[in-house]
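Asker: I'd like to go over a predicted model; first the sequence, then the structure.
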Amino acid sequence: MSSGQTEERRCPLCDAIMHVMQEEGNYECGRCGSMARFREEQLMAMYIPHYHLRLEELSRRNVELVSLIEMESGRGEARSMTKLRSLHEERQRVLSEYSFLSYFGPFTEEW
Ligand SMILES: [Zn+2]
């Protein structure tokens, strides 16, 4: 095994290859712009661009989607199953991105 400097790292967020930055051996992802600090194999700290903004957007979109789903469901016989399905699918994506991003919360606080 070579020393930490040349080891290949993958971005914990998007899985692209990360590059070592000049300073302090931090790693930077060329795809999503995240920065990360590792100790051995372990992620210690992370910077994710627009982290809190993205969480807020997702949380706001979830509230919107819940109300759109309620509205469409409330139309009874006239409701569109296609529309409902696509709203539910979008909500699944929003919730899963939210929960994935939330996992990095403690690491972003260490940055
Ligand atoms: Zn990335």
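Answerer: Alright, I've got the coordinates.
Asker: how about the strands of the chain, start to end?
Answerer: Assigned by DSSP state E, the strands in the chain fall at 9-10, 17-20, 27-29, 35-39, 42-47.
Asker: in its sheet, what does the third one sit against?
Answerer: In the sheet containing strand 27-29, the strands it pairs with under DSSP bridges are strand 17-20 (antiparallel), strand 35-39 (antiparallel).
Asker: Would the longest one count as contacting the ion?
Answerer: Which is strand 35-39. No. Judged by Cβ under 5 Å from the ion, strand 35-39 stays clear of the ion, getting no closer than 8.8 Å. Using the backbone N, CA and C atoms, a C-beta is placed for each residue, glycine as well.
Asker: So what angle separates the directions of that strand and strand 42-47?
Answerer: Computed by axes from the mean of the first three to the mean of the last three Cα atoms, to 10 degrees, the angle separating strand 35-39 from strand 42-47 equals 160 degrees.
Asker: Next, residue 12: phi, psi?
Answerer: phi -60, psi -20 (degrees, to the nearest 10).
Asker: For stretch 61-80, which outside residues touch it?
Answerer: Contacts to stretch 61-80, defined as Cβ atoms under 8 Å, 6 or more residues apart in numbering, come from residues 83-84, 87-88, 90-91, 94-95, 98.
Asker: By neighbour count, which of those wins?
Answerer: Highest neighbour count within the contacts of stretch 61-80, by other Cβ atoms under 10 Å: residue 87, with 20 neighbours.
Asker: Name the residue most distant from the centre of the protein?
Answerer: Each residue of the chain has a distance to the centre, and by Cα atoms, centre = their mean the biggest one is for residue 77: 37.3 Å.
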